[in-house]
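In: Need a 3D model of the sequence below.
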Amino acid sequence: MAENINIFRIEFIVRDYECDLQGVVNNANYQHYLEHARHEFLISKGISFVDLHNEGIDLIVTKVEIDYKFPLRSRDKFIVTVKIKREGNARLVFIQDIFRIPDEKLIVYAQVTGVATKNGRPVPPGKLVEQLGLE
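Out: From the prediction side, this is the model:
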């Protein structure tokens, strides 16, 4: 299994409406941060969801594991990192961290597993492997 040693990073800032009554980011919003970072990572590799869909390939998430380590609060700046590895013939696993800026405190550790599908059935990721540098 090859693993991409290049880590993609994208910066965000917590918006007020993402926080709950306790003044911390609601747990569901972390999935939005992780998803947006994955999408930007794929775009940076030249992978378009629209183009894939038009070719009959859809990328879907099959499993999300999130370890919440420390909360973010309104106006906190943070970085989401993305690494990817191949697991088996069809699965791609995104390893993601969220770090607060500027102290780089680990906020979240996550693993998100996905597959490429065609007509609702998993298929080998094919050319995606090359585009993602997983050969």
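In: Just the strands from this structure, written as ranges.
Out: Taking DSSP state E as the criterion, the chain contains strands spanning 8-13, 57-68, 77-87, 91-101, 106-118, 121-123.
In: do you know which of these lies nearest A37?
Out: Nearest of the strands of the chain to A37, taken as C-beta to C-beta: strand 77-87 at 3.8 Å. No exception for glycine: its C-beta is placed from N, CA and C like everyone else's.
In: End to end on stretch 108-126, go ahead and measure it.
Out: 30 Å (C-alpha to C-alpha, to the nearest Å).
In: contacts for it?
Out: Contact with stretch 108-126 is made by 30, 34, 38, 52, 56-69, 86-87, 89-98, 128, 132, as judged by C-beta atoms under 8 Å, 6 or more residues apart in numbering.
In: Can I get the buried part of those as one PyMOL selection?
Out: Those of these that count as buried under 16 or more other C-beta atoms under 10 Å are selected in PyMOL with:
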select buried, resi 30+34+38+52+57+59+66+86+90+91+92+93+94+95+96+97+98+128+132
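In: nearest spatial neighbour of the residue positioned nearest the centre of the chain, skipping sequence neighbours?
Out: With distances taken as C-alpha atoms, centre = their mean, the residue of the chain nearest its centroid is R38 (3.4 Å). Nearest non-adjacent residue to R38, counting by C-beta to C-beta, 6 or more residues apart in numbering: F94, 5.5 Å away.
In: which helices and strands does the top helix by length along the chain pack with?
Out: In the chain, assigned by DSSP state H, the helix with the most residues is helix 27-44. Packed against helix 27-44 by the contact rule (3 or more C-beta pairs under 8 Å, 6 or more residues apart in numbering; DSSP states H and E) you find strand 8-13, strand 57-68, strand 77-87, strand 91-101, strand 106-118.
In: Which elements pack onto the shortest one?
Out: Spelled out, it's strand 8-13. helix 27-44, strand 77-87.
In: any low-confidence regions in the chain?
Out: The chain contains residues with pLDDT under 70 at 1-6, 135.
In: hmm, try it at 90
Out: Low-confidence segments of the chain, defined by pLDDT under 90: 1-7, 48-53, 55-57, 88-90, 119-120, 122-135.
In: Just put the strands of the chain in TSV and tack on distance to L42.
Out: Output for the strands of the chain, formatted as TSV (distance: least, C-beta to C-beta, whole Å):
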stretch	distance to L42
strand 8-13	9
strand 57-68	8
strand 77-87	9
strand 91-101	10
strand 106-118	10
strand 121-123	17
